[in-house]
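1. give the three-dimensional model of this entry:
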Amino acid sequence: MIEVSMVPPQYVNNCWPKIEGYIEKAAEYTYGRFTASNIYDLVVDGDYQLWIAFEGKDIKGAVVTNVVTYPQKKMLCMQFCGGEDLVLWKDPILALLRRFAKDVGCDGIESTARPGWAKIFKNDGFAAHWITFELPLEMEKDNG
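-> Model (predicted):
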């Protein structure tokens, strides 16, 4: 049976070796914005929350969230997600995230993700409102 739980910052070290690979893969899609080490630091410092899905001692997946306060809304942002057998743990972890978001006074849950996540979230009530575009700026060569 799949269970889901938030991992308190003081216990992150207990499960990090089992999820670090999932987080590293998710960090790759930030295109240099985050490394797994950065994410670890944010979770241990308590700025971000770590959630795991497990079956017995086998961790199936991990989600990292943070609360973002905008001028008009407060949102729980799913920043990173990785694992295996997502179909087994997506619904239970979303239910837990919904409860947490309500408990901390959020207006909703948001996620910036690869386009493929639109198919994954289509039956969960998520709506794709925008696409993020990125224009890398090359370093100018010093001609002087």
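
2. quick one: what helix or strand has residue 62 in it?
-> strand 58-69 (DSSP states H and E).

3. now for the protein, the helix or strand with the poorest mean pLDDT.
-> For the chain, the helix or strand with the lowest mean confidence is helix 117-121, at a mean of 67 (criterion: mean pLDDT, DSSP states H and E).

4. buried residues, the strand holding residue 62. List them.
-> 59, 60, 61, 62, 63, 64, 65, 67 (16 or more other Cβ atoms under 10 Å). For the C-beta atoms, the positions are set from N, CA and C on the backbone; glycine is no exception.

5. go ahead and confirm the fifth one touches residue 81.
-> Yes. The criterion here is Cβ atoms under 8 Å, and residue 63 meets it with residue 81 at 4.8 Å.

6. can you give me the angle the strand or helix carrying residue 87 makes with strand 58-69?
-> Following DSSP H and E, one finds residue 87 within helix 86-103. Relative orientation of helix 86-103 and strand 58-69, computed by axes from the mean of the first three to the mean of the last three Cα atoms, to 10 degrees: 30 degrees.

7. so where's this protein shaky on pLDDT?
-> Judged by pLDDT under 70, the chain has its weakly predicted residues at 114-118, 121-122, 126-135, 139-144.

8. ok, now which ones touch the spatially most central residue of it?
-> In the chain, the centroid-proximal residue (Cα atoms, centre = their mean) is residue 80; its distance is 2.5 Å. Contacts for residue 80 (Cβ atoms under 8 Å, 6 or more residues apart in numbering) come out as 23, 26, 27, 34, 39, 62, 63, 64.

9. what does it show for phi and psi?
-> phi -140, psi 140 (degrees, to the nearest 10).

10. and residue 20, how many neighbours?
-> As a burial measure, residue 20 scores 16 neighbours (other Cβ atoms under 10 Å).
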